[in-house]
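Undergrad: Sequence unavailable; structure follows:
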C-alpha cells in the first residue's frame, strides 16, 4: 500500500510485514517507521491536509488459511510534521 502526503510530497508505504514507513523520495531516505501492526497493511490514505493517516490492517493470506485470523481494523493516526516533512 502507498499514500502520498498532500503537502510535502513524501509518502507512506505498508505491506505484509505489518510496518508503515514514511519516505522522502527526493532525498532517498526513510523519515520514520511506526510500530508494527498485527497483520498486513492493506491500504493507506492521508486526509486532505495530511494531518491524519488512515491505516487498514487486514490478514491477506500470506501464510495461507488460518483458523482464527486477527480481525481487520482501521486505525486513524495523527501525523506530526516531523513524521512527514522532508529533512534538509
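TA: Sure thing, it's come through. Please read these numbers as outputs of a predicted model, since none were measured by experiment.
Undergrad: give me phi/psi at the residue nearest the centre of the chain?
TA: When CA atoms, centre = their mean is applied to the chain, the residue found nearest the centroid is residue 20 (3.6 Å). When read as degrees, to the nearest 10, the backbone of residue 20 gives phi -120, psi 120.
Undergrad: Tell me who's in contact with it.
TA: 12, 13, 14, 33, 34, 37, 41, 44, 53, 55 (CB atoms under 8 Å, 6 or more residues apart in numbering). Quick note: C-beta positions are derived from backbone N, CA and C, even for glycine.
Undergrad: next one: residue 47
TA: Residue 47 touches 53, 54, counting by CB under 8 Å, 6+ apart.
Undergrad: how close does it get to residue 18?
TA: 22 Å (CB to CB, to the nearest Å).
Undergrad: where do the helices sit along this structure?
TA: 81-84 (DSSP state H).
Undergrad: show me the contacts for the residue of it most remote from its centre.
TA: Here the chain reaches farthest from its C-alpha mean at residue 67, the gap being 26.6 Å by CA atoms, centre = their mean. With contacts defined as CB under 8 Å, 6+ apart, residue 67 has no neighbours.
Undergrad: Please renumber the chain so that the first residue is 55 from this point on.
TA: I'll keep to 55 as the first residue from here, and by that count the last item is residue 121.
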